[in-house]
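Colleague: Need coordinates for the below:
(one chain, ligands or ions: 1)
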Amino acid sequence: MRSLIDITDLTRDEIDEMMAVAADIINRPEEYSDKCKGKKIATLFFEPSTRTRLSFEAAMYELGGNVLSVASESLSSVAKGESVSDTVRVISSYADIIAMRSAKEGAAFVAADSARVPVINAGDGGHCHPTQTLADLFTIYREKGTFDGLTVGFCGDLKYGRTVHSLIAALSRYKNVKITLISPAELKLPDYVKTGVIKKAGMVYTETDDFEKSLPELDIIYMTRIQRERFEDRAEYERLKDSYILTAEKMRSAKKDACVLHPLPRVNEISVKVDADPRACYFKQVENGKYMRMALILKLLEESKDPVKEDLLKGQEIVVGKTGCGNPRCISQTERELEKLFKAVDEGSKVYRCVYCEKRAETPQVFRHYEIKPKK
Ligand code: CP
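Modeller: Below is the predicted model of the structure:
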């Protein structure tokens, strides 16, 4: 049995197979209409959502299964202080698979570690959002027929944009994908993605704050929302919120076969006038997301026939620190009895990242007293 926490939990071949299943579902929906008969998905959404929650639910209904839904933290016992860990242990008695969204980075890791059924990360704070990536990949593939050789521009909030982090990780496994990172200085891509993914994979990338100059070079224009809910300083949000707006006029300088993506919701970073442009693919992306989630549910339920859980830390060099990672949004800050676990960035490296939220461990005390766990 295994869960999906990060997009790299799936191999490239597995994603290719899932895209083939999704395409088959589109062509022959009746063949899939009772594949999940008698099965239930629990959708636990402790942060707002329209697309992800409802597409998981639509996906399960279209597979002939049923849905248990918690649409808000305030409607669950998490609001009374129940831990993520206890919550998913309980839900494992009711559902065959769980899709969970949380504001806490690393919550999906903790849930997957505690649940007795597969857990799907439906977004954990500003960390990652792998099922959005499945929607993004399937859309790119359907529009362009390949990933190899594409120039992909990410524009907007690259710091908190979890969909950006996950898609870059997925694209790092294809050939000659070039990345253009377009953001204000305050919202640059976190180091754990830049160093840990882009540089590590040897991808060619550029960083700029100049959207209009970059636009003509891009095959994929991936717009993102400046995420009000992640800002501690409201004044900073107000200053940055309109940093980039894609308009019909700007689209005149984009490639004729460019593809505009956005994970949605949009606020005003894409003018509604762009919607009529055939290069605007963000509503197709929504639909593609449902088919990829159907393929994912089928895959994880099939694999859950083997009840032995995949070890989430297998093969990694792990140290146990005495203090947490210092990221205020990390799940280890609220689930206080969690072991403070850090993983080496590379074999033998002295650079460690929090196992849960992947932020680099800067706190010197973490390493003043630590133990190295035997590698499994
Ligand atoms: N793309 C996405 O995650 O949308 P929701 O927040 O509406 O689920």
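
Colleague: Which residues of the stretch 51-200 of the chain lie near the ligand?
Modeller: 51-52, 123, 132 (CB under 6 Å from any ligand atom). (Each C-beta comes from the backbone N, C-alpha and C, glycine too.)

Colleague: Tell me which residues of stretch 94-110 come out buried.
Modeller: Residues 95-110 are the ones in stretch 94-110 that count as buried (16 or more other CB atoms under 10 Å).

Colleague: Relative to the whole chain's centre, how far out is that stretch?
Modeller: Mean-position distance between stretch 94-110 and its chain equals 12 Å (CA atoms, centre = their mean, to the nearest Å).

Colleague: Straight-line length of it, end to end?
Modeller: Terminal residues of stretch 94-110 lie 19 Å apart, using CA to CA, to the nearest Å.

Colleague: any idea of the mean pLDDT for it?
Modeller: Mean pLDDT, stretch 94-110: 97.

Colleague: could you point out which element follows the helix or strand containing Arg142?
Modeller: Per DSSP states H and E, Arg142 falls inside helix 130-144. Sequence order places strand 151-155 as the next helix or strand after helix 130-144, per DSSP H and E.

Colleague: CA-only coordinates of that following strand in CSV, if you can.
Modeller: Listed next in CSV are the C-alpha coordinates belonging to strand 151-155 (Å, rounded to 0.1, in the frame of the first residue of the first chain):
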residue,chain,number,x,y,z
THR,A,151,10.3,26.3,-22.2
VAL,A,152,8.0,26.6,-19.2
GLY,A,153,7.5,30.0,-17.6
PHE,A,154,6.2,30.2,-14.1
CYS,A,155,4.9,33.6,-13.2
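
Colleague: Could you check the angle that strand makes with helix 130-144?
Modeller: If you take axes from the mean of the first three to the mean of the last three CA atoms, to 10 degrees, strand 151-155 sits at 130 degrees to helix 130-144.

Colleague: Pull the residues that contact strand 151-155.
Modeller: Strand 151-155 is contacted by residues 161, 164, 167-168, 171, 177-183, 189, 211, 214-215, 217-224, 244, 246, 269 when judged by CB atoms under 8 Å, 6 or more residues apart in numbering.

Colleague: make it 6 Å
Modeller: 164, 178-182, 211, 214, 217-223, 244 (CB atoms under 6 Å, 6 or more residues apart in numbering).

Colleague: Could you pick out the buried ones from these?
Modeller: Buried members of the contacts of strand 151-155, counted by 16+ other CB under 10 Å: 164, 178-182, 211, 214, 218-223, 244.

Colleague: Grab the two from these that are most spread out in space.
Modeller: Greatest spatial distance in those: Lys178 and Tyr244, 19.4 Å, computed using CB to CB.

Colleague: For the residue nearest to the spatial centre of the chain, give me its contacts.
Modeller: Nearest to the mean C-alpha position of the chain, by CA atoms, centre = their mean, lies His129 at 1.3 Å. His129 makes contact with 123, 162-163, 166, according to CB under 6 Å, 6+ apart.

Colleague: Which ones among these map onto helices?
Modeller: Using DSSP state H, the subset of these located in helices is 162-163, 166.

Colleague: if we can go back for a sec, the helix holding Arg142 - contacts with which helices or strands?
Modeller: helix 12-27, helix 162-171, helix 282-303 (3 or more CB pairs under 6 Å, 6 or more residues apart in numbering; DSSP states H and E).

Colleague: on that earlier part again, mind pulling up the pLDDT for the residue nearest to the centre of the chain?
Modeller: The predicted local confidence for His129 is 94.

Colleague: what's the answer for Thr363, then?
Modeller: On pLDDT, Thr363 comes in at 54.

Colleague: what's the neighbour count on the spatially closest residue to Lys340 that is not a sequence neighbour?
Modeller: Closest residue to Lys340 apart from its sequence neighbours, by CB to CB, 6 or more residues apart in numbering: Gly321 at 4.2 Å. Counted with other CB atoms under 10 Å, residues neighbouring Gly321 total 22.
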